[in-house]
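Student: Quick one, what's the 3D model for this:
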Amino acid sequence: MTQLTLEMPDEVFATLQKDPAEFTRELRIAAAVKWYELELVSQGRAAEIAGLTRAEFITALGQYRVSPFQYTADEVLSELANAD
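Tutor: Numbering: from 1, shown residues only. Next up is the predicted model:
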């Protein structure tokens, strides 16, 4: 596993009222949610990036108000219409 080093001003932790470990965890989740939302990664890969199970990641999606589905309503209706 690759380890990254990120420099952050100390004030960030005080502002967010988070310790560095909690900040790191939330940063991983936020990045994974955004990359999933942009359809750059699958749900499974995003969960892995976030360090969560898939079920936990789906819960995180709800907390960020991101749909767990990567299909629009129109795409679903189109697939249903073509399923005959």
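Student: on contacts alone, who are the packing partners of the longest helix along the chain?
Tutor: Ranked by number of residues, the top helix in the chain under DSSP state H is helix 20-37. Contacts defined by 3 or more C-beta pairs under 8 Å, 6 or more residues apart in numbering; DSSP states H and E place helix 20-37 against helix 10-16, helix 43-50, helix 54-63. For every residue, glycine as well, the C-beta is placed using N, CA and C.
Student: Reformat those helices as CSV; add mean pLDDT and mean neighbour count.
Tutor: Shown next, in CSV, are the helices and strands packed on helix 20-37 (pLDDT from 0 to 100; neighbours: other C-beta atoms under 10 Å):
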stretch, mean pLDDT, mean neighbour count
helix 10-16, 91, 10
helix 43-50, 97, 18
helix 54-63, 97, 15
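Student: Tell me which of the ones you listed lies nearest to Ser78.
Tutor: helix 43-50 (21.4 Å; C-beta to C-beta).
Student: by contact count, what packs against the closest one?
Tutor: Helix 43-50 packs on helix 20-37, helix 54-63, going by 3+ C-beta pairs under 8 Å, 6+ apart.
Student: I'd like to know which of the ones you listed is closest to Glu75.
Tutor: Of all the helices and strands packed on helix 43-50, it is helix 20-37 that lies closest to Glu75, at 15.8 Å by C-beta to C-beta.
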